[in-house]
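Participant: Provide a 3D model corresponding to the input given below.
(4 chains)
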Protein chains: 4
Amino acid sequence: MAKIKVGILGATGMVGQRFVQLLNGHPWFQLTELAASERSAKRAYREVMEGRWKLGHDIPEYARDMVIKECAPGLDCRIVFSALDADVAGPIEQAFAKAGYVVSSNSKNHRMEADVPLLIPEVNAEHLRLIPVQKANRKWKGFIVTNPNCTTIHMVIALKPLMQLGLSKVMVTSMQALSGAGYPGVPSLDILDNVIPYIGGEEEKVEVETLKLLGAFNEKGVINAAMAVSASCNRVQVSDGHTECVSVKLDKKVKIDELTAAFEDFQPLKGMELPSAPLHPIVVKMEPNRPQPKMDRDTEKGMASVVGRIRECRVLDYKFVVTGHNTIRGAAGAAILNAELMKVQGYLNP
Amino acid sequence: MAKIKVGILGATGMVGQRFVQLLNGHPWFQLTELAASERSAKRAYREVMEGRWKLGHDIPEYARDMVIKECAPGLDCRIVFSALDADVAGPIEQAFAKAGYVVSSNSKNHRMEADVPLLIPEVNAEHLRLIPVQKANRKWKGFIVTNPNCTTIHMVIALKPLMQLGLSKVMVTSMQALSGAGYPGVPSLDILDNVIPYIGGEEEKVEVETLKLLGAFNEKGVINAAMAVSASCNRVQVSDGHTECVSVKLDKKVKIDELTAAFEDFQPLKGMELPSAPLHPIVVKMEPNRPQPKMDRDTEKGMASVVGRIRECRVLDYKFVVTGHNTIRGAAGAAILNAELMKVQGYLNP
Amino acid sequence: MAKIKVGILGATGMVGQRFVQLLNGHPWFQLTELAASERSAKRAYREVMEGRWKLGHDIPEYARDMVIKECAPGLDCRIVFSALDADVAGPIEQAFAKAGYVVSSNSKNHRMEADVPLLIPEVNAEHLRLIPVQKANRKWKGFIVTNPNCTTIHMVIALKPLMQLGLSKVMVTSMQALSGAGYPGVPSLDILDNVIPYIGGEEEKVEVETLKLLGAFNEKGVINAAMAVSASCNRVQVSDGHTECVSVKLDKKVKIDELTAAFEDFQPLKGMELPSAPLHPIVVKMEPNRPQPKMDRDTEKGMASVVGRIRECRVLDYKFVVTGHNTIRGAAGAAILNAELMKVQGYLNP
Amino acid sequence: MAKIKVGILGATGMVGQRFVQLLNGHPWFQLTELAASERSAKRAYREVMEGRWKLGHDIPEYARDMVIKECAPGLDCRIVFSALDADVAGPIEQAFAKAGYVVSSNSKNHRMEADVPLLIPEVNAEHLRLIPVQKANRKWKGFIVTNPNCTTIHMVIALKPLMQLGLSKVMVTSMQALSGAGYPGVPSLDILDNVIPYIGGEEEKVEVETLKLLGAFNEKGVINAAMAVSASCNRVQVSDGHTECVSVKLDKKVKIDELTAAFEDFQPLKGMELPSAPLHPIVVKMEPNRPQPKMDRDTEKGMASVVGRIRECRVLDYKFVVTGHNTIRGAAGAAILNAELMKVQGYLNP
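Facilitator: Got it, this is the predicted structure:
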């Protein structure tokens, strides 16, 4: 079977690099196009990335000599993965969708639009049914599917198995990694020996995206979940891996063992054999001091959400900690997994 | 006026060092005795502290040549400040109280005993009225007064002005400094590029101590405050200064401005002129990304709790961030301020 | 006696902030002017500095409401302290000198010009005799005096007492603080869990400036010291304080005790009572693991160079470690001390 | 071919863990025994390692349930890899050698003994000819072979190709990772925002071991290389990977290109197909700011020494930076590679 050609929009940033890394040797997708700003266009990827590649190993061989193009339709591929900055992503992604491309986007711009799927395959696969709605509404040949914010993703994966227990309130405090701010991102003088208890726009994203993700799809669209979410987001001195302290209110009272089992048994994609899907989307650690970003962020190649410290909460009902990789499962890996789901569900056919 | 002689029990640890530093030049108290474990006894303080003094400047001149004694009654002083480890503090502090000393303790051992004041001068000064009860109960000539856990202190100072608004629920997630774990404390390999979402016993302390601190004193003792508190405690790579994300439920709905004013107007010790009391126990920062431990921990010489990001909470009613120095206001400074309050209220008289 | 009016060029950067901090309450100098780029001009200092003040306490009260001016002659002051970036410092400093101002500059631009003093008061005070040469050469009413690079300063202070022992070779490897790169400076993702073994232009500065600083003044100018200097410069994850491992070749062989005494006895400014001069420009620590930047950078209010680990070297003759504050003694404090020396030597008279 | 049975002495420490990790799936060696202190003996490895496994992934499956034994002969294996602490390694390693085992040791105890090989396969493979001398001298059935200190190894690999150019002087300043101090090792409060310019015994090891490693073997033993080495060793806040600034004096003057080629062409093990040998023992990075520990420590699975910044030195002749993984090539990987060399040279035959 011929591989499906894919491109990356915004290939030079932190998330763009992850796409390049994760698509290396992908069994279904073949990277044929790298696109970035006008400043980088027409130059070899390795040349533009000198001093900017931050992933701990060198640029994969297969991408080093690829010549960067501009972010405009005309790229030779079926899917574009978008890691564009929010200040430019809007019109560019629309132009690609209009021109017939499948846009799998990590950017925030279209996430909350009523006819755009905000997707986590394990959580709300049925939201892909918004695609024909979107194409009809907008008279586009292609379409846009988005993945959530990096903090939202790991929390919502952990919340999904609690939906059957009547989840009604969620309080989360995050301790987020530096790579989430991109590069150059957070100045070292700001974070050395410090915590920054603020990340612009982040709390709003977590509070709002969660409701759409956990919402039900009916023929008219997605009905937001009826629950309250409150987020407090902090930046800490960690390279990769967000850690989140979550408290929840559930209608149904259960034992801690049952809650633990609900997390461990959560395997909604079982049998679908998506190449990037983790065997266990939620991995539970029983040690009292886990999960920790340094120890757990690479679980299941960075695609798992790692949960621990499941215990009762004196204000709501239960609390736990969830950690996960913010630029793999929280960004590039999320968009790739979304595209894999679209493929098996037939959405990539012309 | 002659100064009151004071000693330090456990003078070599992180909190012991802070006592030495903060009592340097104190207008009311004169440090006459340093006590520590048998291992350190009979040696000069500077000699024992070689390689163990961690406060960024050298040992104050006045304490360098003092000879360390053992932690047993017989010390030439009226007050002993206790920075003892919990595994030894219990009987030692009792022996001193029995022998007639005033014990102002930072140790957790006696905090929750019914006839022992757990004191923050700005919060529950009237709890000192437990002292005669304690002396009568135990037939002691002296007595023990305790200060709360470092995380509890800053949160409770911030909660106190909210009591008049009908505070009923508190959810807190802390990001705590390394100095709170003592020395050698947290291994560097454990915390570099990491968060540890667990501190043994800490969450329980915050949840329980808060109720006693905000409780009312009546003739029979302290009635715990009727509220629910839930804490999630994390260790982060910060040297000094705990940061806490707090959400609260209040019976009375107020505007953010009113809440801000309640924090800023909180000055219950005004006019008492306690030497270690901050002019403003709560300092409010209006910048969106404050308070930060690196920037704000030394506010009012480390004796203030710095509050910011006051805003509405979608699950409870309001949320804010509070930061404060964990070994000054959160430990040694707390015990010294407690002793100052005891002095002006006449409890130091024989 | 009326204070001398002074201004700061480049008042918003890391070094500019240090000038503002160190000039607060200066007994001889009164800060009357803050100047910065066009972008900041005409706005209050506190407003421009929101989120950019990095010194751990808030902006000193006296400077908060000062209105920033542009960096052009016309400022109401006698001295301008320059913390300008190298890409603009050249012509601006010349314009001020031409217009009659005394320019005490931390910028690199004029350091190596033959008629410009590159000054450390304890090292080469006699180089101030270049001032009349400079004024004559350039037909300027004012003049420029420079201080060396932050790494050079601490090393050269430590080397000066060795000159009498026939210093002929110097090998230095530095581990430099983040604040030396300015703000935003080094991205946190680059330095977390890392060392960067390169700082652009730094090694050359250390190698070249040292020769001029230790050179002799004769009527024609400064004759470079006859010695070889080799520098390797590294960036490490430290906020403030450079640490340097130095090896030296001396013609005269001495005992380690004598070398130690040479450092400790070095007090060339004794009796001059310059307000910013440290009592001991070189402080020797005898503990085997000192000096350390965290523990020693604030010695003598950040104006001392702290030396330790004095021992024999198997390749050259002796080696030692020197640590010092890079933005106090290494930058702003250096320029202020230079101005103080100029004052007592009469160079500030019109 | 049956695999050779191997055991690990000191299997619970930082280096012991690396042995467990690196021997997982080794093509020639099969791990059959884990040994550690009496305290750990008779317990399952996973149980003892709870909270002590620090390598970022969990304990490899194959070792989890192995039961730890005491460090005494009787183990079922041919080779023991020793990661023992220096305070116990001496007599234990001797007992194993006497009992007929091949001891491949990372401990410092026997490194400098005249009849014990101190080995780096790429540097001094011929030193293995000390083995029969050792066995004869000591009347042992087995023998001990050692690998050098972690800082020494990477430097000496980089120095070896310079021997042909007449290497006579070496000056090195190291910036060493925290894992080199073991676990719990360096307290976080000591290294956060700091450099510690001292590591007990380290400088001596680098200075002395280098001479033996680069020495020639003749029938009587090893003649130390005739050169001077001076080391300054520092601890910095890096998890893994030592960085070393090296200056050298060479009799033969060469161009920088020739020096670079000497490093790149160094492949003394080519064709031997040792499983742990890196394809290129020295990898040269041409970017001006490399090597960096975070980016380069895992080069060639942590078995390469990465060199960069090759340039002239104004005091000696040339200087460069070398970085390498301190617990892989610098410890456990070194001992395994040594055993592989012994195998192909027939020293493992009974």
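Participant: Check what pLDDT the residue in the stretch 1-150 of chain A that chain D sits nearest to gets.
Facilitator: In the stretch 1-150 of chain A, the residue that lies nearest chain D is A:Gly56 (6.4 Å; CB to the nearest CB). Using the backbone N, CA and C atoms, a C-beta is placed for each residue, glycine as well. According to the per-residue confidence, A:Gly56 scores 73 in pLDDT.
Participant: Doesn't it lie inside a strand?
Facilitator: No: with DSSP: H, G, I helix; E, B strand; the rest coil as the criterion, A:Gly56 is located in coil rather than a strand.
Participant: Quick check: the gap between it and B:Tyr183.
Facilitator: A:Gly56 sits 32 Å away from B:Tyr183, going by CB to CB, to the nearest Å.
Participant: Same question for A:Met1.
Facilitator: 61 Å.
Participant: which one of these two has more residues nearby?
Facilitator: B:Tyr183 (18 against 5; other CB atoms under 10 Å in any protein chain shown).
Participant: contacting residues for the more buried one?
Facilitator: The neighbourhood of B:Tyr183, defined by CB atoms under 8 Å, 6 or more residues apart in numbering or on different chains, consists of B:13-14, B:52, B:54, D:187, D:189.
Participant: how about the nearest residue to the residue of chain A most remote from its centre, chain neighbours excluded?
Facilitator: Largest separation from the mean C-alpha position in chain A: A:Arg314, at 31.3 Å (CA atoms, centre = their mean). Spatial nearest neighbour of A:Arg314, excluding adjacent residues (CB to CB, 6 or more residues apart in numbering or on different chains): B:Ser230 at 4.3 Å.
Participant: Check what pLDDT that neighbour gets.
Facilitator: pLDDT, B:Ser230: 98.
Participant: And for the residue of the stretch 1-150 of chain A found nearest chain C, the neighbour number?
Facilitator: The nearest approach of the stretch 1-150 of chain A to chain C comes at A:Lys54, 5.7 Å away (CB to the nearest CB). When neighbours are defined as other CB under 10 Å, A:Lys54 has 21 of them.
Participant: Touching, it and C:Leu189? I think so.
Facilitator: Yes: using CB atoms under 8 Å, A:Lys54 and C:Leu189 qualify as a contacting pair, with a distance of 5.7 Å.
Participant: Would you mind listing what in the stretch 101-250 of chain A touches chain B?
Facilitator: A:169-171, A:173, A:175, A:192-198, A:200, A:207, A:228-230, A:232, A:234, A:236-239, A:243, A:245, A:247 (CB under 8 Å from any CB of the partner chain).
Participant: go with 6 Å
Facilitator: Counting by CB under 6 Å from any CB of the partner chain, the positions of the stretch 101-250 of chain A adjacent to chain B are A:169, A:171, A:173, A:175, A:193-198, A:228, A:230, A:232, A:236-239, A:243, A:245.
Participant: Figure out the helix or strand that the closest residue to A:Glu203 other than its chain neighbours lives in.
Facilitator: Spatial nearest neighbour of A:Glu203, chain neighbours left out: A:Ala231 (4.3 Å); criterion: CB to CB, 6+ apart. Assigned by DSSP states H and E, A:Ala231 belongs to strand A:228-235.
Participant: which secondary structure elements does that strand contact?
Facilitator: Counting contacts by 3 or more CB pairs under 6 Å, 6 or more residues apart in numbering or on different chains; DSSP states H and E, strand A:228-235 is packed against strand A:167-176, helix A:202-213.
Participant: Turn the ones you listed into a markdown table, including mean neighbour count and mean pLDDT.
Facilitator: A markdown table is the format used below for those (neighbours: other CB atoms under 10 Å in any protein chain shown; pLDDT from 0 to 100):
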| stretch | mean neighbour count | mean pLDDT |
| --- | --- | --- |
| strand A:167-176 | 26 | 98 |
| helix A:202-213 | 21 | 98 |
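Participant: Please tabulate the ones you listed in JSON lines, including the columns distance to C:Glu33.
Facilitator: Converted to JSON lines, the helices and strands packed on strand A:228-235 look like this (distance: least, CB to CB, whole Å):
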{"stretch": "strand A:167-176", "distance to C:Glu33": "41"}
{"stretch": "helix A:202-213", "distance to C:Glu33": "40"}
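Participant: closest one to C:Pro132 among the ones you listed?
Facilitator: With respect to C:Pro132, and counting by CB to CB, the nearest of the helices and strands packed on strand A:228-235 is strand A:167-176 at 59.2 Å.
Participant: ok, back up a step: send me the next helix or strand after the strand holding A:Ala231 as CSV with only the CA atoms.
Facilitator: Heading C-terminal from strand A:228-235, the first helix or strand you meet, by DSSP H and E, is strand A:242-250. What follows is strand A:242-250, C-alpha atoms only, in CSV (Å, rounded to 0.1, in the frame of the first residue of the first chain):
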residue,chain,number,x,y,z
HIS,A,242,2.9,18.6,32.4
THR,A,243,1.8,17.6,35.9
GLU,A,244,-1.8,18.2,37.0
CYS,A,245,-3.5,17.9,40.4
VAL,A,246,-7.1,17.1,39.7
SER,A,247,-10.1,17.0,42.0
VAL,A,248,-13.5,15.7,40.8
LYS,A,249,-17.1,15.5,41.9
LEU,A,250,-18.9,12.3,40.9
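Participant: Could you list the buried residues of the next helix or strand after strand A:242-250?
Facilitator: Going down the chain from strand A:242-250, the next helix or strand is helix A:256-264, by DSSP H and E. Within helix A:256-264, the residues scored as buried using 16 or more other CB atoms under 10 Å in any protein chain shown are A:259-260, A:262-263.
Participant: now do stretch A:9-26
Facilitator: Residues of stretch A:9-26 classed as buried under the neighbour-count rule (16+ other CB under 10 Å) are A:9-23, A:26.
Participant: Which ones among these map onto strands?
Facilitator: Mapping the buried residues of stretch A:9-26 onto strands (DSSP state E) picks out A:Leu9.
Participant: Confirm that A:Ala339 sits in a strand.
Facilitator: No: read with three-state DSSP, A:Ala339 is helix and lies in no strand.
Participant: which ones are touching the closest residue to chain D within chain A?
Facilitator: Going by CB to the nearest CB, chain D is nearest to A:Asp193 of chain A, at 5.2 Å. Going by CB atoms under 6 Å, 6 or more residues apart in numbering or on different chains, A:Asp193 touches B:238-239, B:294, D:193.
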